[in-house]
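Trainee: Sequence unavailable; structure follows:
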DNA sequence: GTCTATAGTCCGATAGAC
DNA sequence: GTCTATCGGACTATAGAC
């Protein structure tokens, strides 16, 4: 073994393909994206790109699986061990992460709408993802005021987050964290949620 | 003048084109929809469809303008004259209308995500629509509890509605009105909003 | 690992017959 | 008003040279 960081050039290509794909899926969706576009972006031919991803659906699998491991799991799972986990606190952290990755949020927003159609190649992925997000969060022993329905507030919160992210992406120059702060004030009004957020 | 209902057959074609387009834009988006698909659906050739709509962008203008007049304006505008307009009440009415038009909601959800991209032919339409929705609602003298920020609660509510409609469309067989009832309970908690919803 | 070449299909749009 | 025919181009994917 002559190299300590193996296949660096191949990995660079892979990463370039992923980056270009995230950008294009966000902007044009899966149907609107062509292999030629990705190829041009990374300086290859169509055949060159296909060598890496096998097919157009391979592009999709690549970006979805790549992102899944790195983002979705770690965030909520990390709060299982906290002593006094607060829902508004968790939501604020998710938003803070997303605020730094607009292109990823853009891709997920575009694909998740396109994938409402049951025939879309990513439909099952997004349906599972929705189920898992709520299910994961419900495994935590949240510290909330009396008479609060945890399932309902989680569902409502994640729905609002999707909607506010769409608005954030539509109007450039806005601060997602600030927009969410206003949402938090509406979702967790202060007499009731004093000490719980 | 020999006919009392003029150009009936032409109008029928137009309506068939609109219906097929709403369906296809929802399922496949603007980029994913082909004139051939619409033509096949309404029993014409591509050239036949182009006779009615001029171009592919004409399809888009057709469905957006057709829907705009009939839906968006009437709903919130009608509450300006009410004596004691309630925000939760208005939202419930909007949801009730949408619950009966899943294909329209589907089209708007898909296109509004696709049109996040500033180069999308419907980008300006959706940006204006977002501005107008909040602006219209702010012209009403809502009856709300003290210490409630009307602008924030409206923005948060419409964002949540977008998100819950995505979830509704993703999982068939759910009742949108029931899903929204849970959201309403979270957004307008009962000690504070007693008598205001 | 990357290329060229090509197959085969589909695209939006136009011209012109009827 | 609807058709056929056609243009020029884009698409995914494969085969095979280097």
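Mentor: Looks like it came in fine. These numbers come from a predicted model, not from an experiment.

Trainee: Please count neighbours and contacts with C-alpha atoms only from this point.
Mentor: OK.

Trainee: least trustworthy helix or strand in chain A by mean pLDDT?
Mentor: Least confident helix or strand, chain A: helix A:72-77 with a mean of 72, by mean pLDDT, DSSP states H and E.

Trainee: Show me what the helix or strand following that helix is in contact with.
Mentor: The helix or strand immediately downstream of helix A:72-77 is helix A:87-99, counting by DSSP states H and E. Taking contacts as C-alpha atoms under 8 Å, 6 or more residues apart in numbering or on different chains, the residues outside helix A:87-99 that touch it are A:75-76, A:79, A:104-105, A:142-144, A:154, A:157, A:161, A:175-177, A:180, A:184, A:188, A:196-197.

Trainee: Show me which of the residues you listed are buried.
Mentor: A:76, A:79, A:104-105, A:142, A:144, A:154, A:157, A:161, A:176-177, A:180, A:184, A:188, A:196-197 (16 or more other C-alpha atoms under 10 Å in any protein chain shown).

Trainee: Filter the residues you listed down to the ones in helices?
Mentor: Judged by DSSP state H, helices contain the following of those: A:76, A:104, A:105, A:154, A:157, A:161, A:176, A:177, A:180, A:184.

Trainee: how's chain A carved up into domains?
Mentor: According to automatic domain parsing, chain A is divided into the following domains: A:1-66, A:71-197.

Trainee: can you put the ones you listed in JSON lines and add distance to residue B:94?
Mentor: Shown next, in JSON lines, are these (distance: least, C-alpha to C-alpha, whole Å):
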{"stretch": "domain A:1-66", "distance to residue B:94": "28"}
{"stretch": "domain A:71-197", "distance to residue B:94": "16"}
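
Trainee: For residue B:83, which of those domains is the nearest?
Mentor: domain A:71-197 (24.5 Å; C-alpha to C-alpha).

Trainee: closest to residue B:19 out of the domains of chain A?
Mentor: Shortest distance between residue B:19 and the domains of chain A, using C-alpha to C-alpha, is found for domain A:71-197: 16.9 Å.

Trainee: how close does the residue of chain A found nearest DNA strand D sit to residue A:67?
Mentor: In chain A, the residue that lies nearest DNA strand D is residue A:34 (3.1 Å; C-alpha to the nearest atom of the strand). Distance, residue A:34 to residue A:67, using C-alpha to C-alpha, to the nearest Å: 21 Å.

Trainee: Spatially, what comes nearest to residue A:170 if we skip its sequence neighbours?
Mentor: Once flanking residues are discounted, residue A:170 sits nearest to residue B:116: 5.2 Å by C-alpha to C-alpha, 6 or more residues apart in numbering or on different chains.

Trainee: Please name the residues that touch residue A:157.
Mentor: A:91, A:187, B:160.

Trainee: Need those residues in CSV (columns: distance to residue B:100, neighbour count and pLDDT).
Mentor: Formatted as CSV, the contacts of residue A:157 follow (distance: C-alpha to C-alpha, whole Å; neighbours: other C-alpha atoms under 10 Å in any protein chain shown; pLDDT from 0 to 100):
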residue, distance to residue B:100, neighbour count, pLDDT
A:91, 32, 18, 96
A:187, 27, 23, 97
B:160, 19, 27, 98
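
Trainee: Number of residues surrounding residue A:10?
Mentor: Applying other C-alpha atoms under 10 Å in any protein chain shown, we find 11 other residues in the vicinity of residue A:10.
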